[in-house]
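Student: Structural data only, the sequence is not supplied:
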């Protein structure tokens, strides 16, 4: 008789487990869900009823902390701008370089002086995720934040800029034009991967530097979608940030970027859009004509 009662109790427990598992698989979430340890009972003694989690206790344990509310465009625009510098080529000038080109070509020693000025002045580099959190939610930033960005995939960004960044404990953002990968005077895939592994951020700068104002339909796949996926395959990290070639943008570009997973986009020095400030973040080209002290004055005046 006692053996029969024990067998009956085990049968009832097993039936209950099958019932719960069946309804969980069927999509019924009205009951609690058992984990593997709770569902497979190897002991002849069932757990006390009080020890079985209810749906309320499971929710209490698994509920995530609420996310901060996203700021409105007006709130984002009201926040103090973070200085963001844009570099292209870092090499000594030659006889073929025009005066206009020298704005985009910073001689090696001048670049070193500019970064030393930033370090000596107490600037601390931040990365786009920190900027996004600050703009979107008001998250705090370190004292004297600055972002250093590098466009176009030039090899000297790896051979010259990277050692200087490391010397000062700085991190940078490298906006990659994927058509150039592996070509002479441009970075290789392995070098881009190395930058990402070292904590620098890799962003997209289109496939071959096309003006986004002229892109149509399939162009967005060629110029934004495919390059972003290629960079993700190289780095193993998501590509969430984009720099407009030539700094040029229009309102029609923004939904195209959003639909392809871009969280924020960087232009150059024109005014930010009143409705989409996260997709029109301003940068300042660090001119090769500027001394370190001139750069500091330009930063203070622009941001």
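Tutor: Nice, I can see it. All of these numbers come straight from a predicted model, not from anything done at the bench. Residues are numbered from 1 along each chain as shown.
Student: Quick test: name the residue nearest the centre of the chain.
Tutor: residue 240 (4.5 Å; CA atoms, centre = their mean).
Student: For that residue, give its distance to residue 99.
Tutor: According to CB to CB, to the nearest Å, residue 240 stands 36 Å off from residue 99. Just so you know, the C-beta spots here come from the backbone N, C-alpha and C atoms, and that holds for glycine as well.
Student: wait, the residue nearest to the centre of the chain sits on residue 262?
Tutor: Yes. At 6.4 Å, residue 240 counts as touching residue 262 under the criterion of CB atoms under 8 Å.
Student: Show the contacting residues for the nearest residue to the residue nearest to the centre of the chain once chain neighbours are set aside.
Tutor: Distance criterion CB to CB, 6 or more residues apart in numbering; nearest residue to residue 240, sequence neighbours excluded, is residue 263 at 4.3 Å. Applying CB atoms under 8 Å, 6 or more residues apart in numbering, we find residue 263 in contact with 128, 132, 240-241, 278.
Student: How about the contacts made by the residue nearest to the centre of the chain?
Tutor: 128-129, 203, 261-264.
Student: And it, how far from residue 157?
Tutor: 20 Å.
Student: Give me the neighbour count for residue 178.
Tutor: Residues within reach of residue 178, counting by other CB atoms under 10 Å, total 22.
Student: confidence score at it?
Tutor: On pLDDT, residue 178 comes in at 98.
Student: give me phi/psi at it?
Tutor: phi -70, psi -20 (degrees, to the nearest 10).
Student: do the same with residue 118
Tutor: phi -60, psi -50.
Student: so how many other residues sit close to residue 280?
Tutor: 21.
Student: meant to ask about residue 109, not that
Tutor: Residue 109: 9 neighbours (other CB under 10 Å).
Student: Just to be sure, it is in a strand?
Tutor: No. Read with DSSP: H, G, I helix; E, B strand; the rest coil, residue 109 is helix and lies in no strand.
Student: how close does it get to residue 292?
Tutor: Counting by CB to CB, the gap from residue 109 to residue 292 is 10 Å.
Student: and what of residue 101?
Tutor: According to CB to CB, residue 101 stands 21 Å off from residue 292.
Student: of these two, who's got more company?
Tutor: Between residue 101 and residue 292, counting by other CB under 10 Å, residue 292 is the more crowded of the two (17 against 14).
Student: so who does that one touch?
Tutor: So residue 292 contacts 110, 113-114, 116-117 (CB under 8 Å, 6+ apart).
Student: Can you read off the pLDDT for the residue nearest to residue 240?
Tutor: Looking at residue 263, the pLDDT reads 98.
Student: just residue 68 next, same as before
Tutor: On the pLDDT scale, residue 68 gets 75.
Student: for the one 3 residues further on, same thing?
Tutor: What the model reports as pLDDT for residue 71 is 97.
Student: So what's the residue count around residue 250?
Tutor: 13.
Student: thought it was touching residue 213?
Tutor: Yes. Using CB under 8 Å, residue 250 is in contact with residue 213, at 4.9 Å.
Student: Nearest to residue 196 among the contacts of residue 240?
Tutor: The shortest approach to residue 196 among the contacts of residue 240 belongs to residue 203, at 10.6 Å (CB to CB).
Student: Now tell me what touches the helix or strand encompassing that closest one from outside.
Tutor: Using DSSP states H and E, residue 203 sits in strand 201-204. Contacts to strand 201-204, defined as CB under 8 Å, 6+ apart, come from residues 127-129, 171-176, 178, 192, 195-196, 224, 227-228, 231, 234-235, 237, 239-243, 262, 266.
Student: State which strand of the chain is the longest.
Tutor: strand 145-151 (DSSP state E).
Student: roughly how far out does the very next helix or strand once past that one sit from the chain middle?
Tutor: Where DSSP H and E defines the elements, the next helix or strand beyond strand 145-151 is helix 156. Helix 156 has its C-alpha centroid displaced from the chain centroid by 23 Å (CA atoms, centre = their mean, to the nearest Å).
Student: go on, stretch 169-179?
Tutor: 12 Å.
Student: in it, what counts as buried?
Tutor: For stretch 169-179, a neighbour-count test (16 or more other CB atoms under 10 Å) marks 170-178 as buried.
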